[in-house]
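Visitor: just to be clear, the model below is a prediction. Sequence and coordinates:
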Amino acid sequence: MTAADITTGLAHTLDPVRFVRECLNFHPDEPQTRFLQAAGHRVILNCTRQWGKSTLCAAAAVHRAFASPGALIVVASPTERQSGEFIRKAAEFVRNLEIKPRGDGYNEVSILLPNGSRIVGLPGSHRTIRGFSALSLLILDEAALVPDELYLALRPMLAVSRGDLWMLSTPYGKRGFFYRVWTDGGPHWNRIRVPATECPRISHEFLAEERAESSPEYFNQEYMCQFHATQDALFDEDTVRRRLDPGIAPLFPNGAP
């Protein structure tokens, strides 16, 4: 191995953008490049439909597996089919490394790399996902549709390893952990928003047609990354928040009597 080979290998390990371009033949657009460069310990990606979020994060997962021997990357989605689709995309990227994808021998939806790293897809039920630990990276795909019970069952997997947590989704109403983290998750979350107007693969003509043929709430949710109250909500959250007075103490500060 030459010095140039070592330098290139180090660059691929440290630079996910160069890795996905040169090794995976995936060429991210400008917002996708920003995500790869900015992705860190806690990341929440709020993006338009058809931006390529699953493909992008599958490439990022393969980079993590390549760059960190023995790493465990877990992907959870609302359904096992969606997790399987994520793993299928990751497998296509692994083939670009001239590696034949194979399972880890324990999990039906999984990839094992020669360096011992694994990418595992989980079904959408909190009853069947326990037992994983020492995660390097946990990815929640279509996170707005993932049940809170599954999210709470997954988080302890990061307790010892202090692994990274990325959640990506288009909004789905003012409900669930994805909405709560986006609005009130605290400064340790890196929030990345990508509306359809910043996606070079979605034309202005298409957006104009969608805007004309759908409700403002639907258009703004699916394409402009906005959260709207669900139809079964009794009160609009923004109205309730405006009525709150921080100077009035709660009747039951320790919870219900």
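Guide: It's in.

Visitor: may I have stretch 103-115 as CSV, with CA atoms only?
Guide: Extracted C-alpha coordinates of stretch 103-115, given in CSV (Å, rounded to 0.1, in the frame of the first residue of the first chain):
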residue,chain,number,x,y,z
GLY,A,103,-26.6,-10.8,6.6
ASP,A,104,-25.1,-10.9,10.1
GLY,A,105,-26.6,-14.4,10.8
TYR,A,106,-28.8,-13.1,13.6
ASN,A,107,-31.1,-10.5,12.1
GLU,A,108,-33.2,-11.1,9.0
VAL,A,109,-32.9,-7.5,7.8
SER,A,110,-29.1,-6.8,8.2
ILE,A,111,-25.8,-6.3,6.5
LEU,A,112,-22.4,-7.4,7.9
LEU,A,113,-19.2,-5.8,6.6
PRO,A,114,-15.8,-7.5,6.5
ASN,A,115,-14.6,-5.2,9.2
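
Visitor: can you mark which positions in that stretch are buried?
Guide: By neighbour count on 16 or more other Cβ atoms under 10 Å, the buried set for stretch 103-115 is Asp104, Asn107, Val109, Ser110, Ile111, Leu112, Leu113. From N, CA and C alone the C-beta is placed, and that goes for glycine too.

Visitor: do stretch 214-234 as well
Guide: Neighbour-count burial for stretch 214-234 flags Phe219, Asn220, Gln221, Glu222, Tyr223, Met224, Cys225, Gln226, Phe227, His228, Ala229 (criterion: 16+ other Cβ under 10 Å).

Visitor: helix, strand or coil for the third one?
Guide: When the structure is split into helix, strand and coil by DSSP: H, G, I helix; E, B strand; the rest coil, Gln221 lands in helix.

Visitor: got a list of what it touches?
Guide: Residues in contact with Gln221, defined by Cβ atoms under 8 Å, 6 or more residues apart in numbering, are Thr170, Pro171, Tyr172, Gly173, Phe227, His228.

Visitor: related to what we said a few turns ago, turn the buried residues of stretch 103-115 into TSV, including secondary structure, distance to Glu198 and pLDDT.
Guide: Shown next, in TSV, are the buried residues of stretch 103-115 (DSSP: H, G, I helix; E, B strand; the rest coil; distance: Cβ to Cβ, whole Å; pLDDT from 0 to 100):
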residue	secondary structure	distance to Glu198	pLDDT
Asp104	coil	37	94
Asn107	coil	36	90
Val109	coil	32	93
Ser110	strand	34	96
Ile111	strand	31	97
Leu112	strand	36	98
Leu113	coil	33	97
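
Visitor: the helices in the stretch 51-200 of the chain, which residues?
Guide: Using DSSP state H, counting those that start in this stretch, the helices found in the stretch 51-200 of the chain span residues 53-67, 80-96, 148-154, 176-184.

Visitor: deepest of those, which one?
Guide: helix 53-67 (a mean of 24; mean count of other Cβ atoms under 10 Å).

Visitor: if you count contacts, what does that one end up packed against?
Guide: Here helix 53-67 touches helix 3-14, helix 16-22, helix 30-38, strand 72-76, helix 80-96, strand 118-122, strand 137-141, strand 164-169, going by 3 or more Cβ pairs under 8 Å, 6 or more residues apart in numbering; DSSP states H and E.

Visitor: pick out the shakiest of these, pLDDT-wise.
Guide: Lowest mean pLDDT of those: helix 3-14, a mean of 61.

Visitor: where does pLDDT dip in this structure?
Guide: Within the chain, the stretches with pLDDT under 70 are 1-11, 124-130, 230-257.

Visitor: picking up where we left off before, in TSV: the helices and strands packed on helix 53-67, plus distance to Glu198.
Guide: Formatted as TSV, the helices and strands packed on helix 53-67 follow (distance: least, Cβ to Cβ, whole Å):
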stretch	distance to Glu198
helix 3-14	27
helix 16-22	18
helix 30-38	5
strand 72-76	25
helix 80-96	22
strand 118-122	28
strand 137-141	20
strand 164-169	15
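
Visitor: between the ones you listed, which gets nearest to Ala196?
Guide: helix 30-38 (11.0 Å; Cβ to Cβ).
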